[in-house]
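Asker: quick one: sequence and predicted model below, then my questions.
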Amino acid sequence: MIWIRLSFQWAKLPFTLISPSRLWDFTPEARTSFITYWLPSFLKHEYIALQFVSQATYERAASLSISPQPDVVTRICMLFQGIRKEHLGDWADAQMQAEKDVGGWVDVVGVDPARAGDATLFRVLEWGGMELLV
């Protein structure tokens, strides 16, 4: 299973999510919907840890069948949890990952941005997520 784990103050979250959603070639509408849908859940926490699940892993957990078959299927699944300030030390590696360039997320999630953004193809975009309560 390949996940990227990040942790950061929620105030940085919209900017953190905008960058990869551009890499995955979300339309402005999809990018805005993704962020505004999840923002109320994020605002419950001072710090957030994120994991984006690879498309292959997500497909094994939740298969998708579409007819007619699309040329490109982009499935983005985000897992997140709130982190209390006193537990940030447990997330040091995740905090360092959050400071890195998000370009690596394309490979981890398994998105082909050129094909995902090709308007001449029949494309499907599915985005979703889940809050982990621990």
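Answerer: Right, received. Where do you want to start?
Asker: and the longest helix along the chain, average pLDDT?
Answerer: If you go by DSSP state H, the chain has its longest helix at helix 28-42. Averaging pLDDT along helix 28-42 gives 83.
Asker: just the CA trace of it, in CSV.
Answerer: The C-alpha coordinates for helix 28-42 follow below in CSV (Å, rounded to 0.1, in the frame of the first residue of the first chain):
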residue,chain,number,x,y,z
PRO,A,28,-11.5,24.7,-11.1
GLU,A,29,-15.1,23.6,-10.3
ALA,A,30,-13.9,20.1,-9.1
ARG,A,31,-11.0,21.7,-7.1
THR,A,32,-13.4,24.2,-5.4
SER,A,33,-15.9,21.4,-4.7
PHE,A,34,-13.3,19.1,-3.2
ILE,A,35,-11.9,21.8,-0.9
THR,A,36,-15.3,23.3,0.2
TYR,A,37,-16.8,19.9,0.8
TRP,A,38,-14.0,18.9,3.2
LEU,A,39,-13.2,22.2,4.8
PRO,A,40,-15.9,22.1,7.6
SER,A,41,-14.4,18.7,8.7
PHE,A,42,-10.9,20.1,8.7
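Asker: report the buried residues of that helix.
Answerer: 30-31, 34-35, 38, 42 (16 or more other Cβ atoms under 10 Å). Every residue, glycine included, has its C-beta placed from N, CA and C.
Asker: run a quick neighbour tally on the residue nearest to A30 when sequence neighbours are not counted.
Answerer: Using Cβ to Cβ, 6 or more residues apart in numbering and skipping the chain neighbours, the partner closest in space to A30 is L125 (5.9 Å). L125: 18 surrounding residues under other Cβ atoms under 10 Å.
Asker: any idea how far Y37 is from the closest residue in space to K85 that isn't next to it in sequence?
Answerer: Using Cβ to Cβ, 6+ apart and skipping residues adjacent in sequence, the residue nearest K85 is E46, 6.1 Å away. To Y37, E46 is 20 Å away according to Cβ to Cβ, to the nearest Å.
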